[in-house]
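**Q** Quick one, what's the 3D model for this:
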Amino acid sequence: MRKRPGQNLLNGLPSEQPVGREGGRPPISHRKVLRVIWFVLATGCRWEDVPAEMGCSGRTAARRLRAWEALGVWARLHADLLGALKRAGRLDVDTVVVDGVTVRAFGGGEATGPSPVDRSRKGTKHTLMVDRRGVPLAIRAAGANASDHRQIIPLVLDYPKIGGEPGRPKELPDDLFADRGYDSEGTRDLLRWLGIEPHIAKRRTPHGSGLGKVRRVVERTISWLKGLRRMRVRYDRLLVVREAWATLAACVICYRLLHDELPAAG
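**A** The predicted structure follows:
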């Protein structure tokens with residue numbers, strides 16, 4: 001069976017702490033912690049529901065998930081996977097597509113807001129930027145009631161500078177596609193100022209522009225994201241934890257695309 005991306009992280013993690021001279025219980029191994037993190041991401045279970053037989057409590061795994069996010073572990077893994085996709089000719093860094101998905105946030109927390117569907121419930125909006133093949137380049141979290149068009153510029157500034165080939169990494173994409181929910185002349189002006197040509201559908205105009213054919217890839221990436229059940233709902237109140245989950249989910253999708261476990265777009 002093919003190894004999951006978390007199993008390739010061990011060399012990039014902090015050194016495991018040995019048992020001290022005075023003895024005591026040895027710390028839980030990174031491998032066991034990663035197994036629990038992957039289990040929670042895939043199944044969507046709460047930390048407190050992690051089976052005891054996994055050899056690591058949900059509390060311990062949650063603590064290390066936050067610590068490794070602070071150390072940039074997940075971001076480095078994502079960058080490495082994007083570099084591998086680029087070397088394999090499976091990354092189109094010139095064109096990006098943007099769209100979002102809102103998930104319910106149980107218990108509220110940072111970067112939450114009233115859901116547009118049911119304002120009595122709080123939610124978090126994930127805005128994704130993918131390449132023309134659907135590879136996730138960046139994901140940002142905001143309250144469910146945040147304006148869509150206000151997410152584009154911060155997301156574009158998260159555009160990854162991907163190495164892996166000779167020459168200076170590309171700083172920003174050339175073209176950006178988004179649906180009419182992101183319609184804003186101010187956003188278009190800012191994108192052009194950055195050197196990016198916006199292809200954003202306008203409200204109150206007939207359909208049939210052909211932009212939907214390009215945007216379809218991000219809808220498929222969102223379905224892959226929701227296939228990781230922890231990304232369907234939000235239990236964690238801290239934004240740093242949600243950001244860790246989002247980056248780790250992007251890593252899983254990149255890994256699967258790299259190893260032909262997901263269908264790649266043209």
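**Q** In this structure, where's the longest helix?
**A** helix 239-258 (DSSP state H).
**Q** Mind giving me the packing neighbours of that helix?
**A** Packing partners of helix 239-258 (3 or more Cβ pairs under 8 Å, 6 or more residues apart in numbering; DSSP states H and E): helix 30-43, helix 58-70, helix 73-87, strand 136-143, helix 211-227. Heads up, the C-betas are built off the backbone N, CA and C, glycines and all.
**Q** partner strands of the shortest one, parallel or antiparallel?
**A** So the one you mean is strand 136-143. Taking DSSP bridges as the criterion, strand 136-143 pairs within the sheet with strand 122-131 (antiparallel).
**Q** tell me the angle the partner strand makes with helix 211-227.
**A** 120 degrees (axes from the mean of the first three to the mean of the last three Cα atoms, to 10 degrees).
**Q** ok so, going back, show me the one of the helices and strands packed on helix 239-258 that comes nearest residue 239.
**A** In terms of Cβ to Cβ, the element of those nearest to residue 239 is strand 136-143, at 6.4 Å.
**Q** In the stretch 1-150 of the chain, where is pLDDT below threshold?
**A** 1-12, 16-25 (pLDDT under 70).
**Q** State the distance from residue 30 to residue 56.
**A** The gap separating residue 30 from residue 56 is 10 Å, by Cβ to Cβ, to the nearest Å.
**Q** which one of these two has more residues nearby?
**A** Shown here are residue 30 and residue 56; by other Cβ atoms under 10 Å, residue 56 has more neighbours (21 against 18).
**Q** Next, the contact list for the residue nearest to that one when sequence neighbours are not counted, please.
**A** Nearest non-adjacent residue to residue 56, counting by Cβ to Cβ, 6 or more residues apart in numbering: residue 32, 4.3 Å away. Residue 32 is in contact with 54-56, counting by Cβ atoms under 8 Å, 6 or more residues apart in numbering.
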